[in-house]
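[1] Got a predicted structure here, sequence first:
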Amino acid sequence: MEQRPGEHPDEHRRGRLRVYLGAAPGVGKTYAALDEAQRRAERGTDVVVAVVETHGRRCTAERLEGLQVLPRRVVDHRGHELSEMDLDAVLRRHPEVAVVDELAHTNAPGSRHAKRWQDVQELLEAGIDVVSTVNIQHLESLNDVVAHITGVEQRETLPDAVLRGAEQVQLVDMTPEALQRRLSHGNVYPAGRVDAARSNYFRTGNLTALRELALLWLADRVDEGLERYRAQQGIEQTWPARERVVVALTGGPEGSTLVRRAARLAGRGAGGELHAVHVASGDGLVRTSPARLAEQRTLVESLGGSYHRVVGDDVAGALLEFARGVNASRLVVGASRHGRLAALFRAGVGDAVVRGAGAVDVLVVTHEEQPAGLRLPPRARAALSGGRRLLGWVLALGGPAVLTALLGTFPRQDLSTDLMAFLVVVVAAALVGGLLPAVAAALVASLAVNWFFTQPTGRLTIAQPANAVALGVFVLVALAVSSTVDRAARRTEQAARSRAETEALSVLTRTVMAAEDPLAEALEHTRTTFAVTSASWLERTGPSAPWTCVASSGDPPCASPAEGDAEVVVDATASLALRGRLLAAGDRRVLEAFAAQIAALRQRQRLRAEAAQVRRLEEGDAVRGALLTAVSHDLRTPLATLKASVDGLRDEELTLRPEDEAELLASVAESADRLQQLIDDLLDLTRVRSGVVRPHLVATGLDEVVPAVVAEAPPGRVRLELPEDLPAVSTDPGLLRRVVANLVQNAVRHGAGAPVEVVGAVAVEEGRRSAQLLVVDHGPGLPGAAKERAFTPFQRLGDRSGAGLGLGLGLAVARGLTEAVGGRLDAEDTPGGGLTMVLALPLAGAAPAGPAPRPGRPAEVGG
């Protein structure tokens, strides 16, 4: 008997349970369990098969060879014999290892235990190791989830504690596609159940969801095992789990430390994502080492993350905007490299990020690059442009001086009037230069009013308390107004930007809906909106496959996201890349919205293509079904006639007169001609619908083709009228002959015995001259909608079968061949009753306009 390390051989122990876990039936759980049993038996272990369900699978049954299989216990239940595992027989045999299949199985009524897992527990208590199998859908905790996904409620369930208590749980994994192939090959269910299984439980979505449940369940058990290991080994430091993390890179030497820390956070489980972002200065100056940033980018990508660059003067704001844009759960920043003296003047980026983070967790990582000395802080950059800030300072410093000179030229005014005039200068400085110039303007204005307009003038002292109060109120009001005006100006700018973003997205939506090539128009709008040189949409078939540029606007296009100055990775297989300039963090947020719109557009295009493919398949199925139906009706009569005639001619006991033999031979010839006509129509239809018809267009007179066709019709049934001045047409004479022959045969067949008229004429439509050939019959005709259906393959007048009606291919072939030579074929009512086929052909020497579209059917040659 196998022993655990350090276990005394005579010491009674509980058996060990090993379970093979699968996502669905057929993944190979039983095969894997038997494979382990074979390996243990080869090593000399006493192994028996207590119960195994092969389900008729040959490969599984072959793995039983050489193993001892215990007989089952037969239970009678309501007149039916059910076979179950013989628990007592296994206990009496007491092997070292017992193979017990289908752990969640419900035992037959009258058994010792209601569930097979309870039988297994008794075996384990007896010291017998058990190898078993179970599918993820049988777990009790997942029962409702599985029912919601698959629509099937599992009646046989297994308590989670049983599976959690197993010493080993091994996942038998298989992709949905591979499992479906096994199902199709008959390796899971018998052939009669394959189609029903594939269309129900074994759909790709169901199998993918069940596989994810199995993987996640096992991943949680791995985490539990890891925690047990850490507790047993006394490991106290943190071993991170899964996260979605954004790491801020400045280009400093601490970047590698930050990236590795963020990668560990992102790698804590399934779904972890790592995004590295570098905020570049808006003035275009490079304040970091490009080589170091390139090294850090390579490190990020080697760890499975993505690297991004955004533009922004407010680094903390740009980081938070990017993090919220990618829906990050954590933001990793390095501790400030500025000294303690710098913190007295201005808070570091880390502090600003923490204050504005909101729901985003912020991790400030310490590193060896933090200086111990004192350094002065760098100059904070304003959000306004340099020109506006300069003009604001000019107004702040020069405006009070100019206003003082102007007020000095006027008679002495009241102090309140002077204060209001200086307040205008403060507001102007706030509007132009922002808050700091406005504060400076308020201070300079207060000094000017005190020196020049408050008694006693020429001194900073104030004689009257009321003037002191007025001057103090002026300073407070000036500061409050300047702050309010500055905030309002910023809010106005933000609102204008929001309106511009909304308008850009609205224009994108309208452009996509109205364009003939929506993807190209969307990329062109993206390129012009963000003022870049090119915009490219990239796709690939899998996470490790190379990128392919599906469409682009501008030159040069990007062949991969790494080549773009700004890129948005929509998912593992799609990305939008821009080349030409870096984008600000706010622009990147809008770019992500553009990428989402384009991704939705691509999804709609794929869905339309799939729908079109489904329609083509449905049409093909309908054509095949109609062909089989038509063949069973319309080929039977000529074949039966041929058989009867030939049998009569070959019968040696039958004496035939010469006229009888001639009649039988004529019947054979007629039936053969009809079969030849049907075969020709089928071949022509196949050529037309496959688009392989290649006409040779030459100038041809209708009088060269039509009379020969009419001559083949029954005598007296067709009257021909072709004007002598009828111009030549551009057509293929051979194809035109087939078209006219089909039209004439159809008219004779359905003309109710009345003469058929074939008339040539010249018509003018939309300023274009064409030759028309009218084939007129006076039969029952067709109602409005039926006229267009008459050109559908296997459609016959009244959908009746009978001798001489054919497969209903003549008009379908005629229209297809007509369009192949650039003509048009339509059906119209004949005055007085009947149907008129109008064949319009381009004149020789005229540019072919192509067939005109008809309602309900695209104007194309191929089907």
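    In hand now; what should we look at? Every value quoted in this text rests on a predicted model; they were computed, and no experiment measured them.

[2] all helices for the stretch 151-300 of the chain, in order.
    160-164, 176-184, 191-199, 204-233, 255-266, 290-302 (DSSP state H, counting those that start in this stretch).

[3] My guess is residue 170 contacts residue 32. True?
    Yes. The pair residue 170 / residue 32 is scored as a contact, 7.4 Å apart, by CB atoms under 8 Å. For the C-beta atoms, the positions are set from N, CA and C on the backbone; glycine is no exception.

[4] which residues do these two both contact?
    residue 20 (CB atoms under 8 Å, 6 or more residues apart in numbering).

[5] Need phi/psi at the most centrally placed residue in the chain.
    The chain has residue 603 as the residue nearest its centroid, 4.9 Å off, counting by CA atoms, centre = their mean. Main-chain torsions, residue 603, degrees, to the nearest 10: phi -60, psi -40.

[6] On the pLDDT front, check it for me.
    Predicted confidence (pLDDT) for residue 603: 80.

[7] same deal with residue 490?
    Value listed for residue 490 in the pLDDT field: 68.

[8] cool, residue 269 as well?
    At residue 269, the pLDDT value in this model is 57.

[9] So the residue nearest to residue 839 when sequence neighbours are not counted versus residue 841, what's the distance?
    Leaving aside its chain neighbours, residue 839 sits nearest to residue 773 (4.3 Å; criterion: CB to CB, 6 or more residues apart in numbering). With distances taken as CB to CB, to the nearest Å, residue 773 is found 7 Å from residue 841.

[10] ok, now residue 541?
    Separation of residue 541 from residue 841 (CB to CB) stands at 47 Å.

[11] And these two? Which one has more around it.
    residue 841 (24 against 9; other CB atoms under 10 Å).

[12] Spell out which strands sit alongside the helix or strand containing the more buried one in the sheet and which way each one runs.
    Per DSSP states H and E: residue 841 is located in strand 835-842. Partners of strand 835-842 in the sheet, by DSSP bridges, are strand 768-776 (antiparallel), strand 824-829 (antiparallel).

[13] In a markdown table: these, plus mean neighbour count and distance to residue 88.
    Listed next are the strands paired with strand 835-842 as a markdown table, based on neighbours: other CB atoms under 10 Å; distance: least, CB to CB, whole Å:
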| stretch | mean neighbour count | distance to residue 88 |
| --- | --- | --- |
| strand 768-776 | 20 | 89 |
| strand 824-829 | 18 | 83 |
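
[14] quick one, which of these is nearest to residue 153?
    Closest to residue 153 of the strands paired with strand 835-842, according to CB to CB: strand 824-829, at 56.3 Å.

[15] So which residues make contact with that closest one?
    Residues contacting strand 824-829 (CB under 8 Å, 6+ apart): 739, 781-782, 787-788, 790-791, 811, 814-815, 818-819, 835-840, 851-852, 854.

[16] Filter those down to the buried ones.
    739, 781-782, 787-788, 790-791, 811, 814-815, 818-819, 835-840, 851 (16 or more other CB atoms under 10 Å).

[17] now the helices for the stretch 301-450 of the chain?
    315-325, 340-345, 349-356, 386-408, 415-433, 435-448.

[18] So for residue 654, which of these sits nearest?
    The nearest among these, by CB to CB, is helix 315-325 at 93.0 Å.

[19] count of neighbours near residue 127?
    By other CB under 10 Å, the residues close to residue 127 number 15.

[20] Name the stretch among the helices of the stretch 151-300 of the chain that sits most buried.
    Comparing those by mean neighbour count (mean count of other CB atoms under 10 Å), helix 255-266 ranks first with a mean of 21.

[21] Could I get the average pLDDT for that one?
    pLDDT averaged over helix 255-266 gives 83.

[22] Next: stretch 111-120.
    Per-residue scores along stretch 111-120 average to 90.

[23] Give me the contact list for it.
    Contacts for stretch 111-120 (CB under 8 Å, 6+ apart): 17, 51, 75, 84-85, 87, 100, 102-107, 122, 130, 132, 158-159, 162.

[24] Now with 10 Å, please.
    15, 17, 19, 50-51, 73, 75, 82, 84-88, 90-91, 98, 100-108, 121-122, 128, 130, 132, 134, 138, 156-159, 162-163, 166 (CB atoms under 10 Å, 6 or more residues apart in numbering).

[25] In the stretch 451-600 of the chain, what residue spans correspond to strands?
    534-539, 548-554, 566-571, 574-579, 583-584 (DSSP state E, counting those that start in this stretch).

[26] Could you dump the ones you listed into TSV and include mean neighbour count and mean pLDDT?
    Formatted as TSV, the strands of the stretch 451-600 of the chain follow (neighbours: other CB atoms under 10 Å; pLDDT from 0 to 100):
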stretch	mean neighbour count	mean pLDDT
strand 534-539	25	90
strand 548-554	17	87
strand 566-571	20	80
strand 574-579	24	88
strand 583-584	22	74
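
[27] No further questions, thank you.
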